[in-house]
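K.L.:
okay, here's the prediction I keep looking at, along with the sequence it came from:
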Amino acid sequence: MSLRRYLERLHLIDNLIRKKQAGSQQQLASKVGVSRSSLNEFLKEMKEEGFPIKYCKKSNTYYYEEDGNMVSSLFELSKEDLNKHHGGIAFFGNHWYNSVFVNC
């Protein structure tokens, strides 16, 4: 999987969880376009990186234990750091820069 596709899926998972639209494991996997086992890998990696992901059996959905933009906390690169890496901003484009690299 390309880095761009990985980040797009990570961003989608983050958005769905933040908006409380994730649903069950199968529903979330379907929305993201991955298998349940791949989704589990994403969630495992996100939790290892500090994403406070929880699952509510009553509501049958994933949620964040804390509010905030969890994707932005994953990346701690400044605009200057991005400029040092050829294609950093171009690779992510303005859409990614604005939505993923919040508060840089």
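P.N.:
That came through fine.

K.L.:
and Ile13, what element?
P.N.:
Assigned by DSSP states H and E, Ile13 belongs to helix 3-18.

K.L.:
residue boundaries of the strands in the protein?
P.N.:
Remark: strands assigned in the chain by DSSP state E are 53-56, 61-64.

K.L.:
report the buried residues of the first one.
P.N.:
Judged by neighbour count (16 or more other C-beta atoms under 10 Å), strand 53-56 contains these buried residues: Ile53. (C-beta placed from N, C-alpha, C; glycine too.)

K.L.:
before we move on, what about the last one?
P.N.:
Applying a neighbour-count criterion of 16+ other C-beta under 10 Å, one finds Thr61, Tyr62, Tyr64 buried in strand 61-64.

K.L.:
of all these, which comes closest to Tyr6?
P.N.:
Nearest to Tyr6, judged by C-beta to C-beta, of the buried residues of strand 61-64 is Tyr62 at 18.6 Å.
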